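*Asks:* A predicted structure for the sequence below; I have some questions about it.
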Amino acid sequence: MSPDSGQVRYCARFSYLCLKFTLIAYSTVFWFMYTLGICLIIELTGGILALVFRQQTVDLINSNIRKGIENYYDDLDFKNIMDFVQKQFKCCGGEDFNDWDKNAYHKCSSPGPLACGVPYTCCISNKTTVMNTLCGYKTLNQERLKVQHIIYVRGCTDAVILWFLDNYKIMACVLLGVLIPQFLGVLLSLLYVSRVEDIIAEWSSTNDALLGGSTQKQELEYTTVGCCRCYPGNEIS
């Protein structure tokens with residue numbers, strides 16, 4: 001800095017501006033540092049607990065699926081999701097096909113054509129033939145071996161878990177794709193806070209040197225060039 005230029009430069013490094021604009025662009029898409037950090041900790045903790053208490057996690061999932069099956073025809077969102085999972089993963093119910101006995105329309109003690117049956121999405125079908133929506137009629141009161149050629153007898157919880165294990169590389173990529181941006185947001189925020197603290201410290205030391213022990217503080221008028229008043233300013237006596 002030239003002594004006769006009459007200017008004081010407060011942002012000597014371009015890395016600060018680069019980091020600042022990167023964080024601003026990132027913040028328009030993702031959350032801020034503390035929210036990201038909390039979400040990251042919760043996700044990691046939940047994943048670890050799910051692995052440690054795997055059986056309890058499976059039981060909890062099956063219990064929630066049974067609750068959804070009870071309201072299968074009343075909850076359209078759950079119905080669409082359950083139908084998709086049963087067709088895509090070739091499964092039926094949560095733990096097994098007998099979970100459909102929890103539904104008021106499908107339990108064997110109910111009247112009507114759906115009694116003691118399962119939805120057609122549980123049926124083993126040929127894509128070239130027209131689907132019979134009552135293909136699962138009277139299957140809940142029979143043994144697994146007798147109906148395994150008519151409907152899928154395995155539960156969707158086990159089917160999805162087996163799919164995850166068979167496609168662990170894909171799941172690892174998806175998991176990294178979710179966690180890395182959040183970790184990057186926390187890191188950028190920490191770097192930004194540290195850089196701002198450095199700028200404040202540099203400004204304080206420079207201002208003290210310019211004052212030269214005078215008790216009368218001088219006002220600084222910043223130029224309108226640049227953003228966030230981070231570029232050189234003219235010192236006014």
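*Replies:* Right, received. Where do you want to start?
*Asks:* let me know the secondary structure of the closest residue to residue 140 other than its chain neighbours.
*Replies:* In this structure, residue 140 finds its nearest non-sequential neighbour in residue 116, 4.7 Å apart by CB to CB, 6 or more residues apart in numbering. (Glycine included, C-beta is placed from N, CA and C.) Under DSSP: H, G, I helix; E, B strand; the rest coil, residue 116 falls in the coil class.
*Asks:* so residue 116 makes contact with residue 141?
*Replies:* Yes. The criterion here is CB atoms under 8 Å, and residue 116 meets it with residue 141 at 5.2 Å.
*Asks:* neighbour count for these two, which is higher?
*Replies:* Taking neighbours as other CB atoms under 10 Å, residue 116 and residue 141 compare with residue 116 leading, 18 against 12.
*Asks:* relative to residue 103, how far out is residue 73?
*Replies:* Here residue 73 is placed at a distance of 8 Å from residue 103 (CB to CB, to the nearest Å).
*Asks:* out of the two, which sits in the busier spot?
*Replies:* residue 103 (21 against 15).
*Asks:* pretty sure the more buried one is touching residue 70, no?
*Replies:* Yes. Counting by CB under 8 Å, residue 103 touches residue 70, with 6.1 Å between them.
*Asks:* so how far is residue 122 from residue 194?
*Replies:* Note on residue 194: its distance to residue 122, by CB to CB, is 57 Å.
*Asks:* I misspoke; the intended subject was residue 153.
*Replies:* 9 Å.
*Asks:* picking up where we left off before, who has more neighbours out of residue 194 and residue 122?
*Replies:* Legend: neighbour count by other CB under 10 Å for residue 194 and residue 122, higher for residue 122 (27 against 11).
*Asks:* so what's that one up against?
*Replies:* Residue 122 makes contacts with 86, 91-93, 97, 100, 136, 151-152, as judged by CB atoms under 8 Å, 6 or more residues apart in numbering.
*Asks:* those residues: which two are farthest apart?
*Replies:* Spatial extent of the contacts of residue 122 (CB to CB) is set by the pair 91 and 136 at 13.2 Å.
*Asks:* how far does the longest helix anywhere in the chain sit from the chain's center?
*Replies:* Counting residues, the longest helix found in the chain (DSSP state H) is helix 168-211. Distance of helix 168-211 from its chain centroid, counting by CA atoms, centre = their mean, to the nearest Å, is 21 Å.
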